[in-house]
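In: here are the coordinates; sequence isn't available:
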């Protein structure tokens, strides 16, 4: 079903004010969030674990905006990119920039994965940008700075396509989505003489422009790169776009090939999901942290350096070991290249990673509901955090008796669905047909190992 046949929806998406107005609103919201975090600083990470929930800006960003962005990618595709203020800042700035061609080093898209690793290891694990409001604000300002610098130098939507640290994450998670944005009739695209959707003379219009992600709607085969900016809809002279329902996980069943940089990102995100869940149960926390703490403890270092060492082991070394062992064992049964096998393993892991990450966001959103009354009454959150930290304020968490069982039920359904989908991908995906039974068995065991440790930790934590 082409949803663009719904008159009000088509009118909205084709309007010159969409997504411009939502982007302006989001830009204003980002500015307010940055203002709400600036100056609220602490070096006590134990206290920061409370402050993150009482500071309104920090609470909104990490407990609601971030989880909702992940959920939207899994359910709807890259709809966050549709309204992201960074894209608006880029579209305005590039008009006065140098418009240099993007170099191959950026086109490899490794910069995206490297920046995501830096955010995880240095930003989150090292400096606690997800817990200390001032550091969160500095991080968001740094993102704006990166957008401005990139757009002043390079052509088109270079930041969104080749630099944004969450570009891979949102694109890969959108493989799960039940929606797709495509050309409606490929023969009409072939016969089109003007091809306004990829024309060069309107690339730098703020509205009614060609695709500045260098995509041609007739050749879009999966959800990973389209930002759903709707510009092609506005300029298409043939009314030949569709926004349609599709089967969930549809992109996993075609000839989907992952870039090396995307496999690297899957390793990082998969490691983060492990880190986000396993410490919730004491046993898996001890197992997970043994190697990072042992390595960091063998050096005489500062607390920051120790954190960086631990983060490097957690987010790079351990996932690399999982991939290396699985790929090496699979290679015993397959003549495919190591890169191809790593891509297949990443593709099998992705449903578990994406859906577990999204459900963990639901857990987080539910758990932070009791803190809203403190954050709303004192947006800076310092005094409330002191009271909670000193135990002079008791947080009323009674609402969680209702919310937690609902979240648990959602996880059970999602976990079982992901398990079934993984088996179907291995059996029916065109990308998996080149592997024999031995290779498939190893890939499946590696995936089930990852799925199993997450499931075990969640069961022991939540039930």
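Out: Good, I have the coordinates. Everything numeric in this text was worked out from a predicted model, so none of it was measured.
In: what's residue 223 in contact with, if anything?
Out: 77, 78, 171, 174, 175, 177, 180, 181, 251 (Cβ atoms under 8 Å, 6 or more residues apart in numbering). Every C-beta, even on glycine, is put in place using the N, C-alpha and C of the backbone.
In: The same query, at a cut-off of 10 Å, please.
Out: Counting by Cβ atoms under 10 Å, 6 or more residues apart in numbering, residue 223 touches 73, 76-78, 170-177, 179-182, 246, 250-251.
In: now do residue 187
Out: Applying Cβ under 10 Å, 6+ apart, the residues near residue 187 are 218, 240.
In: now swap in residue 319 and tell me
Out: If you count contacts by Cβ under 10 Å, 6+ apart, residue 319 has them with 264, 266, 267, 268, 269, 270, 271, 272, 274, 349, 450.
In: which non-adjacent residue is nearest the residue nearest the centre of the chain?
Out: For the chain, the residue nearest the mean C-alpha position is residue 169 (3.5 Å; Cα atoms, centre = their mean). Nearest residue to residue 169, sequence neighbours excluded (Cβ to Cβ, 6 or more residues apart in numbering): residue 269, at 5.8 Å.
In: Tell me, how many residues neighbour the one you found?
Out: A count of neighbours around residue 269, defined by other Cβ atoms under 10 Å, yields 25.
In: which one is residue 73 nearest to, not counting chain neighbours?
Out: Nearest residue to residue 73, sequence neighbours excluded (Cβ to Cβ, 6+ apart): residue 173, at 4.0 Å.
In: so residue 182, which of the three states?
Out: Assigned with DSSP: H, G, I helix; E, B strand; the rest coil, residue 182 falls in the strand class.
In: looking at this, the residue nearest to the centre of the chain is in a helix?
Out: Yes. Assessed with three-state DSSP, residue 169 lies in a helix.
In: Enumerate every residue touching residue 304.
Out: By Cβ under 10 Å, 6+ apart, the contact list for residue 304 reads 122, 126, 127.
In: should've said residue 111
Out: Applying Cβ under 10 Å, 6+ apart, we find residue 111 in contact with 105, 162, 163, 164, 165, 167, 261.
In: Okay, and it sits in which element?
Out: When elements are assigned from DSSP states H and E, residue 111 belongs to helix 110-118.
In: Beyond that helix, next helix or strand please.
Out: Toward the C-terminal end, the helix or strand that comes next after helix 110-118 (DSSP H and E) is helix 133-153.
In: buried ones in that next one?
Out: 133-140, 143-144, 146-148, 150-151 (16 or more other Cβ atoms under 10 Å).
In: next one: stretch 230-245
Out: Applying 16+ other Cβ under 10 Å to stretch 230-245 flags 230, 231, 232, 233, 234, 235, 236, 240, 241, 242, 243, 244 as buried.
In: these two touch, right, the first one and residue 82?
Out: Spelled out, it's residue 230. Yes. Counting by Cβ atoms under 10 Å, residue 82 is a contact partner of residue 230 at 7.2 Å.
In: what do these two both touch?
Out: 13, 18, 19, 181.
In: Please check the contacts of residue 223 and keep the buried ones.
Out: Applying 16+ other Cβ under 10 Å to these flags 73, 76-78, 170-177, 179-182, 250-251 as buried.
In: Helices - which of these land there?
Out: Applying DSSP state H to the buried ones among the contacts of residue 223, the entries found in helices are 73, 76, 170, 171, 172, 173.
In: Pretty sure the first one sits against residue 170.
Out: Yes. Residue 73 is within contact range of residue 170, at 4.7 Å (criterion: Cβ under 10 Å).
In: Mutual contacts of these two, please.
Out: With Cβ under 10 Å, 6+ apart as the test, residue 73 and residue 170 both reach 79, 80, 81, 223.
In: Would you convert those residues into JSON lines that also reports distance to residue 375 and secondary structure?
Out: Shown next, in JSON lines, are those (distance: Cβ to Cβ, whole Å; DSSP: H, G, I helix; E, B strand; the rest coil):
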{"residue": "79", "distance to residue 375": "26", "secondary structure": "helix"}
{"residue": "80", "distance to residue 375": "23", "secondary structure": "helix"}
{"residue": "81", "distance to residue 375": "28", "secondary structure": "helix"}
{"residue": "223", "distance to residue 375": "34", "secondary structure": "coil"}
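In: where's residue 340 relative to residue 434, distance?
Out: Residue 340 is 8 Å from residue 434, where distance means Cβ to Cβ, to the nearest Å.
In: wait, I meant residue 188
Out: Note on residue 188: its distance to residue 434, by Cβ to Cβ, is 34 Å.
In: quick one: which of these two has more around it?
Out: Using other Cβ under 10 Å, the more surrounded residue of residue 188 and residue 434 is residue 188, with 15 against 12.
In: can you map out the strands along the stretch 151-300 of the chain?
Out: For the stretch 151-300 of the chain, the strands defined by DSSP state E, counting those that start in this stretch occupy 179-183, 241-245.
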